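*Asks:* With the sequence up front, the predicted model follows.
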Amino acid sequence: MEEPCGASAAAPLRGDAEEPKQGSVLFLGGNEVKSSAVVKYSSAPPQAAFARLQEKTDLKLPPANWLRESAKLGPAGTTILGNSKKSKPFSSFGMAYDFIDSVGNDVDVVSDSENIKKLLKIPYSKSHVSMAVHRIGRTLLLDELDIQELFMRSSQTGDWTWLKEFYQRLIDQKWQRKKKSKEHWYQKAILSKFLYYSINGDGAAQPVPSTSKQHQEGPVAGESDEAGRASWPAPFEMPSSLSEDPGASNQGNVPLEPSYLVGHVASAPREQNLTPLFNDGENSQGLKNDFVRNILWTFEDIHMLVGSNMPIFGGGRYPAVSLRLRDNNKPINVLTGIDYWLDNLICNVPELVMCFHVNGIVQKYEMIKTEDIPNLENSNFSTKVIKDIAQNILSFLKSNCTKEGHTYWLFKASGSDIVKLYDLTTLCEETEDKYQNPFTMPVAILLYKVACNMMLKKNQNKKHYGTIRTLLLNCLKLLDNGRHPQIIASANYMLSELFQLDEPKKEDSADFPINGNSDESYSEEEEEMPDSDENGSYSNSSDPPDDNKAVAIIKSVGELSVPEKYKSVHRIRPSCAFPVCHGTEERCRLVLNHVLEGLKSVDSSVKKEGDLPAADPSTPIPLKYEDESTSGGPESLEKQMALFLDKMGSFQKGKHSSQSGMIPGSWQYKMKLQLILKSSRAYYVLSDAAMILQKYGRALRYIKLALQCHDTYCCLCGSMLPEVLMFLCQCLTLCGDIQLMLAQNANNRAAYLEEYNYQTKEDQEILHSLHRESRCQVFAWATDLSTDLEYQLSVSCKCYEAAYEILLFSNLKSQNPEQHIQVLKRMGNIRNEIGVFYMNQAAAVQTERVVSKNVSTTEQQLWKKSFSCFEEGIQNFESIDDATNAALLLCNTGRLMRICAQAHCAAEGDFKREFSPEEALYYNKAIDYYLKALRSLGKRDVHPAVWDSVNWELSTTYFTMATLQQDYAPLSRKAQEQIEKEVSEAMMKSLKYCDVDTVSERQPLCQYRAATIHHRLASMYHSCLRNQVGDEHLRKQHRVLADLHYSKAVRLFQLLKDAPCEFLRVQLERVAFAEFQMASQNSSAGKLKTLSGALDIMTKTKGAFQLIRKELVAETEQISEDKSPAESVSVNDSSAGLNKEEVLKLLGIFESRMSFLLLQSIKLLTSSKKKVGGSNEEEAALKTNKQVYSLLLRATANKGMSLLERTELMLSLLEQLAPRSEGSPGMQ
């Protein structure tokens, strides 16, 4: 039988926490055993030297200081008489709560040193072993499960009856309470007196009071039954701090209060003790870490957190010794030797001082070194075997205690060699309520605390997310919503926090191992594996009748001494992978699912639902839909906006309360705020994702829900944190984006409406929880789906303005410059959109106005609105130095001015029409805005595309203005010369901004524009020359300018492949110009030269006629292929857009001018020949001209020729004339 050893192991005081120190490697009995110990916490006093008692001291007599609290013994002094042996079923939990960093990660075992010693002595001892085992991650928590005390309680209270029945049925049918012997209490008493004598050696012993006998017997005898009864908690009751009436809760003692920083995790700070979750009094006993020392003991490769109460004394040459009392008549046996050795090893105590007595009379002292203990006479044992036992037991437990949250029972009956492991949680659930297991609650809280602790460090290592999630899910499985709403709400919030909503899409990131099995710590297959261990060490075989209930069995304790007999077949956390989310929506839905569970827990704990209007969570809460007939338009929007901003201002004053009756500051209040904010963020991310997918109806629904969540948050929260305001700003910005996209995609309105009105049950239930606190209507103006385009654009603008106002009045502008810039950019953009909308409306009104020549009031109002929007938008862009966008808005303002100018022109068909001063004013304003746009950009490199666009618009404005002045000359106000000068200047400026050289898509347009300008200027100077009388210098200047511009126009038209008619017209005008010059010539030679030049001009039109023929041939082929020729009846139709009427007209003029020139040429050449006798060249020319003239006359006489035939004839005639033009290239 094992003898009672002294006190539990302890260690010298080394401060509250020390850096780990490698312990010495001990060579004991020829076997190498590595052991090191680090004191993590100590409440022991400084070591005192022990008093060596004189021989013959009678330990049966109590010393004067007996059972009085002693500074030298520390807390161990008052507990030495029984409390240290009193069953403490939750002692490991107390340590785990205090050293939460170690649990689940670094440490293999957490336990009282007595339990460790009992396990390592299993092969040597016949004593019974009964321990509760719990798994948290890789850590096992071991606690004594005193069946006798448990069943004593069961007899009195009726609890644990299921275990008592199970025990009696399968293990010990004739169970009865075994009473401790008188010898046991006698040995305890003299040990206690011995320790008190040893610290009272300064000669100041007090006289022994006469009541000492009673003092000695009383507490010792009465200790046994009461200790057991007081140590076991009843099945969990609702703690007072979570009482139904929230008004009764004490705000100072709210348990598990998370740190409620926005965006940070709700977690239990380390310094908070979770004991308040249990009723004060007996239920809290055993959950406190009341060990004198907590030691991190490393034995070989096993890391253990051990609790010890052993008093340690300083003695002589050694820094620390342990003190033991031995009966001289009884030799030290192996069990006692192992006991002493392990105590000293755990505490790094190098020596043992042993005091021998006979019948309580002190005989002698002996000092033994720790490494010599295994070699004592009668107490020989191998340290290597102890090491093997430790490794085998740990492997056995780790392989079989696989489910977190389950209570396992390791049991060996007294005198038996068989060790069995039962899963009490499964047994309990088969029979009764799981809350009949008193370990349920401590385990749940420990799972929660470990998860909290890991969450505090979550940003350091995301690979732990799967572990945290598993811990929390297992914690939730143990809890009942009616009893533990706070922990459930907090755990669900933490689960929601694990999913990063604000990160880029990295669902399959390397941070998360890809593993779908995440609901359990271990898969079912892995749980089965121990049963088929290669050594056959344990199995579920049903040889004995009771084996079928055991999880695993060690058939003989002797097996534990065989090296590596049991190998842990479990990896630490094989499948704690974070769930793989296949998209943003899936991730957000998981978050919302946890948020909803949290909200349900909070709401169920607030019992004031009778004050609320009844609402059915399954009934959809309608999402208001407005069309243009009901929406009040921009005016009512202004009022709603003002009310919103007024409310935003009042948020700062903190005058808000909950409709459901939650008390500000209570855990329900704080937790609901966090859950609501989390749901708001999830809906925001969903909305953003839907926006990217162009599902704008869905995006609006989600942002509506996000803002409704935010509204409730605002109603509850007394003060708005900057992060929350920042988030609101982002929500409103996104809402503005969605409304703008809805406005721009009006064609899909029916599909968007269907998306908008769809609602999931989860969303309905979350809204129901929100409506318990507020009406959620503050943001209704921003989230309605309207069918009115103007209203949608206005709502979008108001969203951005609201976001900007929030940035302004909350002083967030400087802290978030990026957000400030984004909001201003969007404001500038939406004002541009609205400005363009009003501008297009004004243009539409203008085209419909036929009868009235006056500008309507409607048009003027639209101009003003459009101009105002553009102006505000320009200010927005200029305030953030966005030159490009400012230039685009200035460009649009210029376009608005041009629309205003067009509105002031008189109705078509009025022959007296003149270019009005109003038109000139608006065109000049347009020019000013375009020039400002160019100044804003500075140079083309800033943004080439915008620069080119502004230049083109500016060129167009100058060209339009010049054309109008030329075509509708304001002769009633200005002289002809003045008009010509202004037209010339405007045309030249238009040319300046018309870039014909840069290769781009717009280059052909620029070339056509430049050619047209040169043509118009040439025509103008040609006309001036015809009408000019007098000033010869001016006439000469006009002649030179006309010739110059004609030649430039011809060169540019030649570059174009699609302007044969324009080229022909210019060439015909040049011919007319030559004819005009010929009329003023007197000499035949001069006239002949001019005629020859005119015919040369005509031959150069060959390229244009080739293009026309090509078009006509293609069209003829198309008609012949087409089975329904009726389609091509129209004269104007052409596949390439050739204007046949124009061609016929020009061809007629060309034939007539050619006929005239040939006739004049023939006449002049004939008369020249008669007078002088012409040269060979002239004769050849005369002959060719006569031949061509003859053919031309015949052709014009034949009225039945088609356009194509006439074109081909003209080409052949030009071909005959061509040799005279010395290789002129013609139109390319």
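*Replies:* Perfect, thanks for sending it.

*Asks:* And the strands in the chain, which stretches?
*Replies:* Secondary structure of the chain by DSSP state E: the strands cover 25-28, 31-42, 109-112, 129-136, 139-144, 293-299, 302-308, 313-315, 318-327, 351-358, 361-369, 408-412, 419-423, 550-554.

*Asks:* Can you lay out those as TSV showing mean neighbour count and mean pLDDT?
*Replies:* Bear in mind the C-beta positions are built from the backbone N, C-alpha and C, glycine included. Putting the strands of the chain into TSV (neighbours: other Cβ atoms under 10 Å; pLDDT from 0 to 100) gives the following:
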stretch	mean neighbour count	mean pLDDT
strand 25-28	15	44
strand 31-42	19	78
strand 109-112	25	91
strand 129-136	23	89
strand 139-144	24	89
strand 293-299	24	90
strand 302-308	24	90
strand 313-315	18	75
strand 318-327	19	84
strand 351-358	18	90
strand 361-369	14	88
strand 408-412	23	88
strand 419-423	23	88
strand 550-554	23	76
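
*Asks:* do you know which of the ones you listed lies nearest R775?
*Replies:* Nearest to R775 among these is strand 129-136; the distance by Cβ to Cβ comes to 44.8 Å.

*Asks:* Which elements pack onto that closest one?
*Replies:* Based on contacts counted as 3 or more Cβ pairs under 8 Å, 6 or more residues apart in numbering; DSSP states H and E, the elements that strand 129-136 packs against are helix 113-120, strand 139-144, strand 408-412, helix 440-456.

*Asks:* JSON lines please, covering the ones you listed and showing distance to E723.
*Replies:* Formatted as JSON lines, the helices and strands packed on strand 129-136 follow (distance: least, Cβ to Cβ, whole Å):
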{"stretch": "helix 113-120", "distance to E723": "48"}
{"stretch": "strand 139-144", "distance to E723": "36"}
{"stretch": "strand 408-412", "distance to E723": "45"}
{"stretch": "helix 440-456", "distance to E723": "18"}
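
*Asks:* Now do the contacts for L862.
*Replies:* Y838, M839, Q841, A842, V845 (Cβ atoms under 8 Å, 6 or more residues apart in numbering).

*Asks:* of all the helices and strands packed on strand 129-136, which lies closest to K384?
*Replies:* In terms of Cβ to Cβ, the element of those nearest to K384 is helix 113-120, at 12.7 Å.

*Asks:* what comes into contact with that closest one?
*Replies:* Contacts of helix 113-120 (Cβ under 8 Å, 6+ apart): 8-9, 85, 109, 125, 127, 129, 131, 142-144, 304, 306-308, 310, 338-339, 342-343, 346, 386, 389-390, 393.

*Asks:* hmm, back to that, closest to M720 out of the helices and strands packed on strand 129-136?
*Replies:* Going by Cβ to Cβ, the one of these nearest M720 is helix 440-456, 25.1 Å.

*Asks:* what helices or strands is the closest one leaning on?
*Replies:* Contacts defined by 3+ Cβ pairs under 8 Å, 6+ apart place helix 440-456 against helix 91-98, strand 129-136, helix 465-478, helix 485-498.

*Asks:* Any idea which of those gets closest to Q187?
*Replies:* Closest among these, using Cβ to Cβ: strand 129-136, at 21.5 Å.

*Asks:* nearest to K193, of the contacts of L862?
*Replies:* Taking Cβ to Cβ as the measure, K193 sits nearest to Y838 out of those, at 102.2 Å.

*Asks:* What sits closest to A901 if chain neighbours are left out?
*Replies:* Leaving aside its sequence neighbours, A901 sits nearest to Y922 (Cβ to Cβ, 6 or more residues apart in numbering; 3.5 Å).

*Asks:* what about the one you found, neighbour count?
*Replies:* 24 (other Cβ atoms under 10 Å).

*Asks:* and what of E165?
*Replies:* Using other Cβ under 10 Å, E165 has 12 neighbouring residues.

*Asks:* Likewise for R973?
*Replies:* R973: 12 surrounding residues under other Cβ under 10 Å.

*Asks:* Let me see the contact set for it.
*Replies:* By Cβ under 8 Å, 6+ apart, the neighbours of R973 are E914, P917.

*Asks:* Report the separation between it and E982.
*Replies:* According to Cβ to Cβ, to the nearest Å, R973 stands 12 Å off from E982.

*Asks:* Now Q976: closest residue in space that isn't a chain neighbour?
*Replies:* Nearest non-adjacent residue to Q976, counting by Cβ to Cβ, 6+ apart: A969, 7.4 Å away.

*Asks:* quick one, phi psi at that neighbour?
*Replies:* phi -60, psi 130 (degrees, to the nearest 10).

*Asks:* Surely V836 is in contact with T893?
*Replies:* No - taking contacts as Cβ atoms under 8 Å, V836 lies outside contact range of T893: 10.7 Å.

*Asks:* So between the two, which is more surrounded?
*Replies:* T893 (26 against 18).

*Asks:* check contacts around the more buried one.
*Replies:* Counting by Cβ under 8 Å, 6+ apart, T893 has contacts G835, F867, F870, E871, I874, Y929.

*Asks:* mind redoing it with 7 Å?
*Replies:* Contacts for T893 (Cβ atoms under 7 Å, 6 or more residues apart in numbering) come out as F867, F870, Y929.
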